[in-house]
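Novice: Could you look at this predicted model? Sequence included:
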Amino acid sequence: MFRNQYDSDVTVWSPQGRLHQVEYAMAAVKLGTATVGLKNRDYAVLVALCKPASELSASQRKIIPIDDHLGISIAGITADARVLSKYLRSECLSYKHSYGSTYPVSRLITNLGNKMQTTTQRYDRRPYGVGLLIAGYDEKGPHIYKVEPSANFFNCKAMTIGSRSQSARTYLERHLSTFNASSKDDIICHGIHAIRSSLPNDELVSKDDGGSQLNITVAIVGKDQPFKILSDEENLHYLEMAKKRGGSIIVSKDDDDDDKPSPGDSEEPAPSTARDPQVAVATMENP
Amino acid sequence: MFRNQYDSDVTVWSPQGRLHQVEYAMAAVKLGTATVGLKNRDYAVLVALCKPASELSASQRKIIPIDDHLGISIAGITADARVLSKYLRSECLSYKHSYGSTYPVSRLITNLGNKMQTTTQRYDRRPYGVGLLIAGYDEKGPHIYKVEPSANFFNCKAMTIGSRSQSARTYLERHLSTFNASSKDDIICHGIHAIRSSLPNDELVSKDDGGSQLNITVAIVGKDQPFKILSDEENLHYLEMAKKRGGSIIVSKDDDDDDKPSPGDSEEPAPSTARDPQVAVATMENP
Amino acid sequence: MFRNQYDSDVTVWSPQGRLHQVEYAMAAVKLGTATVGLKNRDYAVLVALCKPASELSASQRKIIPIDDHLGISIAGITADARVLSKYLRSECLSYKHSYGSTYPVSRLITNLGNKMQTTTQRYDRRPYGVGLLIAGYDEKGPHIYKVEPSANFFNCKAMTIGSRSQSARTYLERHLSTFNASSKDDIICHGIHAIRSSLPNDELVSKDDGGSQLNITVAIVGKDQPFKILSDEENLHYLEMAKKRGGSIIVSKDDDDDDKPSPGDSEEPAPSTARDPQVAVATMENP
Amino acid sequence: MFRNQYDSDVTVWSPQGRLHQVEYAMAAVKLGTATVGLKNRDYAVLVALCKPASELSASQRKIIPIDDHLGISIAGITADARVLSKYLRSECLSYKHSYGSTYPVSRLITNLGNKMQTTTQRYDRRPYGVGLLIAGYDEKGPHIYKVEPSANFFNCKAMTIGSRSQSARTYLERHLSTFNASSKDDIICHGIHAIRSSLPNDELVSKDDGGSQLNITVAIVGKDQPFKILSDEENLHYLEMAKKRGGSIIVSKDDDDDDKPSPGDSEEPAPSTARDPQVAVATMENP
Amino acid sequence: MFRNQYDSDVTVWSPQGRLHQVEYAMAAVKLGTATVGLKNRDYAVLVALCKPASELSASQRKIIPIDDHLGISIAGITADARVLSKYLRSECLSYKHSYGSTYPVSRLITNLGNKMQTTTQRYDRRPYGVGLLIAGYDEKGPHIYKVEPSANFFNCKAMTIGSRSQSARTYLERHLSTFNASSKDDIICHGIHAIRSSLPNDELVSKDDGGSQLNITVAIVGKDQPFKILSDEENLHYLEMAKKRGGSIIVSKDDDDDDKPSPGDSEEPAPSTARDPQVAVATMENP
Amino acid sequence: MFRNQYDSDVTVWSPQGRLHQVEYAMAAVKLGTATVGLKNRDYAVLVALCKPASELSASQRKIIPIDDHLGISIAGITADARVLSKYLRSECLSYKHSYGSTYPVSRLITNLGNKMQTTTQRYDRRPYGVGLLIAGYDEKGPHIYKVEPSANFFNCKAMTIGSRSQSARTYLERHLSTFNASSKDDIICHGIHAIRSSLPNDELVSKDDGGSQLNITVAIVGKDQPFKILSDEENLHYLEMAKKRGGSIIVSKDDDDDDKPSPGDSEEPAPSTARDPQVAVATMENP
Amino acid sequence: MFRNQYDSDVTVWSPQGRLHQVEYAMAAVKLGTATVGLKNRDYAVLVALCKPASELSASQRKIIPIDDHLGISIAGITADARVLSKYLRSECLSYKHSYGSTYPVSRLITNLGNKMQTTTQRYDRRPYGVGLLIAGYDEKGPHIYKVEPSANFFNCKAMTIGSRSQSARTYLERHLSTFNASSKDDIICHGIHAIRSSLPNDELVSKDDGGSQLNITVAIVGKDQPFKILSDEENLHYLEMAKKRGGSIIVSKDDDDDDKPSPGDSEEPAPSTARDPQVAVATMENP
């Protein structure tokens, strides 16, 4: 994926039929902090991890509300995400105005994809450098979508994108079968556990005493539940809840684990449980 | 087909009269999973093979419905395919609105080709990186068309595009003469058998026990049959049916076979029959 | 005609006053299969040779009907030809609508040339990569025109373009003087003989028994004869007729032959006569 | 961050998913003199440091009033800042005209970010080369925002940008917890102290006797306080006030200091106290 | 005039104040066959030499009628000439429609020059690659104009452009003083003699017996004589006439000849008189 | 400031956050002859030095009147300055027409700056290559502004731009404190003295006897004084006046001089006083 | 002024603040033949030297009439000059139509300069490659203006541009003081003498006997004298007149001559007086 002669322009094909500039834009998603989306029968949940830019400023918003039935979580170039969220918001508004109802999620995402595709085929633009997780709810129930800089999108049961999201992905895959029947509280806790998996162990240990606080933001949308970014109290509530349950559902990162976490997994060593306090409360502003 | 001095721009001719960028875009089709189209007297059928992007997400839709009388199957850049399918849909809609009837398939494909041609002659665009198989039905009967990134298209009796589609092509060529008189069930089974041919043997063996499931989606359009992507139950039904018939129609991949499969072909070794379970049911969502 | 410093852009002149990119586009015509056009006093005939893309698909249409009094035969990039034929069709339609009569052929070709010229003078386009033979009939009688990627065109008595068309050209030149007074059947047979000359000898021998069938399509326009692509039966009829006459008019490819073929030419060796069966019937669809 | 093959165009991604041209534009902010923004419960304050371009001209305005409830402080390319401030002003005017109220700060900044984003995605523009600190007041109280050339923005409690702003940042972080409850005078003094931290020690000493005067401009907005750039007298007043308090709150630049400045810090050596006279009064014109 | 660093773009000046791309376009004129224009008191005559592209096609038209009072003869890129002649025709039509009279020749040429100039000053075009000789007649009498790819034009008494036109030029210069008082037949013969001078001697000898026929087309416009391309019979008539007079006016190509051809010039060696038969009748179609 | 990899395009940032093309445009100002602007309480004065292009032509106008309350003096590309002055004039006219009053100077300059900024951010333009000194008068009194190719501008008490303006700047700085209280005659003389400082000593000596005359133009605007370029007689009057006062205010170019010129400075050596005759009267035309 | 890295694009500044492409366009003026303009109290005169392109064509017009009160003389790219003269003509026409009077010369030239400036600041154009001398007459009397490719223009008493114009310039400078009081005949003779100075001595001698005739065209505009290009008879008349006076006013080309030509200058050697016959009468057509 390194330098070659066909990667300087988004409109240039490599002899192998690849668009290197689009692939490079995909790499921008991996530079953002991780975010997780998952759903049960009635709710879709987003959990995002934010490293505060500095003590002086609030964390950047990783979760952006779009409409009552939809919100997004982002990884990559924030400014690109804002432009896309502005597009989504104005689409939802027009739709509501024209049809008096909420925009069906899959159609909205299809239009977003078509908009993003144009930046991959015109020489005077660059592909958007951001990945999105969309949590929405419509007549067909809750949805989690992943949208990539390539303008490709995926209908997901659960998904994670961003930096070091592989461990979170492993967590999600292991518990995937249980999500649909879980309670609302359960899937929020699963989301928190999943995102904690993406934190490198040593970082957590060395900065345990408040050096740099990591924020987790949680958002939910679903049946009779407009899209809502949880308040600090609610976040704290669920963090405590997830911590308590942690013993029983936490997984090691070894890939040779069994598919279903055994109770023995709860005998994890100290660093793992010591990890929880780090997941501090974000001073996230509601927009 | 490797680097030369005339392949950096779609508007540059090589001294031999070739457009290398268009040829490179053709290579993108080979990076997509295989798909097959075929028809009998009354029906056109598409069969597509999808590797799920991950356990967490549904497979990407390889078959996209356009109108009651038409649908497409794709191999290559999905985002490009979506833009083209949006164009096809809006063309069909306008036509219906203006003339009160369905768009004749060959005229629609001709217009699609003309639209795609412009990307091969303008310096500020790139050719679309996707191949399409179109299954349609109109007054002239069922149609299978192949459309290439070069904006070229072909009226076919049966066709396959995508990764490792050569074996599927061989299968289709061997049974081509029987398609026209086959029943609906027959050609669906032929389509399933053809696409199975494009699966590498070893992959199937090594991951036999559920490691990564391969999905097959089937769609049909024809006489009194609006374009329809089969449900999971229907898919399963035809997979079982194809499996049962497999012994009698399966072909080896040796090119020195006779044109008509002999009954002796049914004595294929285990791996071949073991192959069937891998062709699992897709969790394909209807759009 | 190989790499130099002035051939990367269609708007760049070489010090010798040449436009290399336009010349390279001319080379694209030679990559297409051959096609032949000729006329007598009342009819203009096109004969095209198509290698089927595969057994699975019909041959690509090498002859495209434009209007009742006009059709074209192509060699080169098919997608480019389609765009040009769409232009010709819409011109003819507008003309009919405005003047109530058919578009005079020479004026139509002049306008086509002007349209094509713009692609040779603008930096953001490329020249069309296709050569055309036009067969038309208007108040001045039948016409055969050749149009090149350079936007240049020629009023011809007979002409051939495409891959290995030199032998066909030699054939046409030898019989040129007889065309004007020939019957309709005669010039069709001449066209078939001419195009057969462009087939390499060895290819014909080695695949004699049906391996890859070569298709010939014939089209005619003239006095009281709207432009018409012959049906398979008609094609077959003329192929048989040409075969029978073959003995008397067939020419060797040696350039030291006399101008008028002697009866002795009929003693050609077996491969030559064996050649005929290869000229099989095309499954050409009428558009 | 030095020369590589992907940094010549704002629309080119590096293989690592970075946009080097955007990063280089960020460096322009560091070439501007420092500016500081901070807030308490009711007021937001901007303090800017200007080196006069020459004795002959007034300092360039580092603080630009936008509307009654908003003003900005800049670091980087002044001409770019002026274009952005013109945009902000005209947005506020339109809003007032349409809704009869002041533009909510966060929405205004979001729109500014979207405007700036376009320059990072189009090949025919360059990113703006200026960083902004925005001080605003609306129904939600006082705000300090930081906007970067990347089009990214941050909601801050206190912030500093520009040349050598690290020391000012350290100062702000140390006193951050006290700002919210501070009086208006307190936070102005804190701002003056913070910006003084960004002055290199030796420069102050060597040019002590009037060689080059450094100007500080202060602006405030808040509850019942329209945005206002302080007059020379007011500036002087606060400089004196800050100087008097300096003993108690001044911090050394050693990072191994305690979090809370001890009284012993007031025994700073002469150069530090000698620093104050340099902070002279600017002949800043109100716009 | 070979490769340097300032010849790749029509909008780039060389340090010497030259536009190399414009100069290169001038070279395209020399690649066309020669053409001659001359006039007497009442008539302007064009004579063009065409090598037939092949036996199969008519020669390309080197003389193009524009309006009743005007026609052009070309050397260089034919497609470019056609675009320019289309422009001239539509200008004449508009003028006639607006003013009810023919377009004054010098004004028409001035506008043509201005149109052509734009292609020499815009980076996205190339200069036209064709030279024109214009023969026109208006209230001021007959005119011969030369127009170059540089958009420069010249009012001439007689002129020649194209391949090997130097000898024709010499002929014209020698007889220039006699043209004005010559009869119509005289200047046509002079034109034919002039263009014959541009034929290389050896070529004529070696292909004497009909191998490749060279065509000459003659056109005339003048007092009570609308622009007219002579018919084959008329051409033949004048060729015979020129042949008969040839003995008395033919000139050798030695530059040390006297200004007025002496009768002794008629004792030219055989090859020169043998030249005449080659100047065969063109099958030029009237448009 | 020499060649590097980021200086070929105005829209390319260097890794250090600089726009080299903008910096290079700044250098164009230094290629123009010097000009000086200064003001007292009621008047703003411009003094410009022009080397006549040749004896044959009048000097180029270095001072351009814009409106009754405003004029500009330029250094750099004259054609660029004319375009900018046209803009200023049309702005003043529109303003007068809309509001019935003169355009406030600072607002006008702000708009000029915004117009100039666009040329520094678009790839298809270049920054203007001219520096401006603006002398204006409005309700707030007299103004001197400096505008740079970077689109940056400065409100000044006195200023000089152009070739070798450093000495003039030194002169202005030394007498800056006295300007505000000076009489109209005084500041004109100061302006003349300042600009004389920018003349190289040797040039003046060697061409003392009329070889090349240097012109000085003076313009004034202020209280009850519309912008006016002085007539030759008035210029001469002030030159004489400045010459007489010269002895008392002239400064050496040594930077180690005292701040206030001592009477001893009047004993300057001959060359300095010999300098005056060179400052001849310009044949400046009033526009 | 030779190749460097900043001279390929008109919108690129060199580090020294120069626009090399504009400078190169200036060089195009020196490639044109010389032209001279001068004026007395009531008349402005243009004298142009044309080398005929060939015996066959009239000289290209070096002097172009614009309006009754204005005409131009050119040196450089003729096609560029024509486009500019078309602009001037249409400006004068509009002005006359709107205001019923002639366009004041200085305003017209200013607008011309602004039009030409745009070609020096846009990447998709090139600067015009032509210098102009304008002779005009309006309420302020006669005017001579010089306009350069840089879009810069100069109000002149007398001026010369073009190839080897240095000697003509020297002539003009020597007699400059006498022009204003000269008679109309005097300044025409001065103009003829000036332009003769630009002819190289040897060229005149060697081609003395009519080999290549040099043409001089004279035009005049002034009080009660609409702009008029002199007829051949008038030209001849003045050439004779100038020849007679030649003895008394001719100057050698040595720069060490005295300022006022002494009578001794009339003893010039033969070549100089032999020069006159070469200045033949042009067959210039009035437009």
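Specialist: Everything's here; your move.
Novice: which SS state does A:Ala48 fall under?
Specialist: strand (DSSP: H, G, I helix; E, B strand; the rest coil).
Novice: ok now do it, which residues does it touch?
Specialist: Residues counted as contacts of A:Ala48 (CB atoms under 8 Å, 6 or more residues apart in numbering or on different chains) are A:33-36, A:62-63, A:73-74, A:195, A:216-219. To be clear about C-beta, it is placed using only N, CA and C from the backbone, and glycine gets the same treatment.
Novice: Give the single residue among those positioned nearest to chain G.
Specialist: A:Ile74 (36.7 Å; CB to the nearest CB).
Novice: re the thing from before, would you reformat the contacts of A:Ala48 as CSV and include distance to chain C, secondary structure and pLDDT?
Specialist: Listed next are the contacts of A:Ala48 as CSV, based on distance: CB to the nearest CB, whole Å; DSSP: H, G, I helix; E, B strand; the rest coil; pLDDT from 0 to 100:
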residue, distance to chain C, secondary structure, pLDDT
A:Thr33, 42, coil, 92
A:Ala34, 43, coil, 94
A:Thr35, 41, strand, 96
A:Val36, 45, strand, 97
A:Lys62, 41, coil, 92
A:Ile63, 43, strand, 96
A:Ser73, 40, strand, 98
A:Ile74, 36, strand, 97
A:Ile195, 48, helix, 93
A:Ile216, 50, strand, 88
A:Thr217, 47, strand, 92
A:Val218, 50, strand, 96
A:Ala219, 46, strand, 97
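Novice: wait, which of those residues is closest to G:Lys96?
Specialist: A:Ile74 (64.2 Å; CB to CB).
Novice: Please tell me I have it right and the closest one contacts A:Lys62.
Specialist: Yes - A:Ile74 lies in contact with A:Lys62 (CB atoms under 8 Å); the separation is 5.8 Å.
Novice: intersection of neighbour lists for those two?
Specialist: By the contact definition CB under 8 Å, 6+ apart, A:Ile74 and A:Lys62 are jointly contacted by A:Thr35, A:Ala48.
Novice: Spell out which residues of the stretch 1-150 of chain A are next to chain B.
Specialist: With CB under 8 Å from any CB of the partner chain as the criterion, the stretch 1-150 of chain A meets chain B at residues A:5-6, A:10-19, A:106, A:110, A:113-114, A:116-118, A:120-124, A:146, A:150.
Novice: Can you say which of those residues are buried?
Specialist: Listed as buried from the residues of the stretch 1-150 of chain A next to chain B are A:6, A:10-15, A:17-19, A:106, A:110, A:113-114, A:116-117, A:120-123, A:146, A:150; burial here means 16 or more other CB atoms under 10 Å in any protein chain shown.
Novice: In strands only, show me the residues of the stretch 1-150 of chain A next to chain B.
Specialist: If you go by DSSP state E, these have A:Lys146 in strands.
Novice: I'd like to know which of the residues of the stretch 1-150 of chain A next to chain B are part of helices.
Specialist: Residues of the residues of the stretch 1-150 of chain A next to chain B located in helices (DSSP state H): A:Ser106, A:Thr110, A:Gly113, A:Asn114, A:Met116, A:Gln117, A:Thr118.
Novice: Mind putting the residues you listed into JSON lines with distance to F:Ser183 and pLDDT?
Specialist: Output for those, formatted as JSON lines (distance: CB to CB, whole Å; pLDDT from 0 to 100):
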{"residue": "A:Ser106", "distance to F:Ser183": "81", "pLDDT": "95"}
{"residue": "A:Thr110", "distance to F:Ser183": "77", "pLDDT": "96"}
{"residue": "A:Gly113", "distance to F:Ser183": "74", "pLDDT": "97"}
{"residue": "A:Asn114", "distance to F:Ser183": "72", "pLDDT": "96"}
{"residue": "A:Met116", "distance to F:Ser183": "69", "pLDDT": "97"}
{"residue": "A:Gln117", "distance to F:Ser183": "72", "pLDDT": "97"}
{"residue": "A:Thr118", "distance to F:Ser183": "67", "pLDDT": "95"}
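Novice: Return the member of those residues nearest to B:Ile229.
Specialist: Once CB to CB is applied, the member of these that ends up nearest B:Ile229 is A:Ser106, at 14.4 Å.
Novice: Please name the residues that touch that closest one.
Specialist: Contact partners of A:Ser106, counting by CB under 8 Å, 6+ apart, are A:Lys140, A:His143, A:Tyr145, A:Asn155, B:Pro287.
Novice: Identify the bridge partners of the third one.
Specialist: With DSSP bridges applied, A:Tyr145 shows beta-bridge pairing to A:Ile134, A:Asn155.
Novice: Now do A:Glu234 against A:Thr217, distance only.
Specialist: Distance of A:Glu234 to A:Thr217, given as CB to CB, to the nearest Å: 11 Å.
Novice: Which of those two has more residues huddled nearby?
Specialist: Set side by side, A:Glu234 and A:Thr217 show more neighbours around A:Thr217, with 22 against 14, by other CB atoms under 10 Å in any protein chain shown.
Novice: now the more buried one: how far from chain D?
Specialist: For A:Thr217, the distance to chain D (CB to the nearest CB, to the nearest Å) stands at 14 Å.
Novice: Equivalent analysis for A:Gln166, please.
Specialist: Distance of A:Gln166 to chain D, computed by CB to the nearest CB: 17 Å.
Novice: With A:Glu234 instead?
Specialist: Per CB to the nearest CB, A:Glu234 is found 20 Å from chain D.
Novice: Regarding A:Gly131, what is its secondary structure?
Specialist: Following three-state DSSP, we place A:Gly131 in the strand state.
Novice: Correction: the previous question concerned A:Ile66.
Specialist: strand.
Novice: where does the residue nearest to it when sequence neighbours are not counted land in three-state SS?
Specialist: Spatially, and ignoring its direct neighbours in sequence, A:Ile66 is nearest to A:Leu88 (4.7 Å; CB to CB, 6 or more residues apart in numbering or on different chains). Classification of A:Leu88 using three-state DSSP returns helix.
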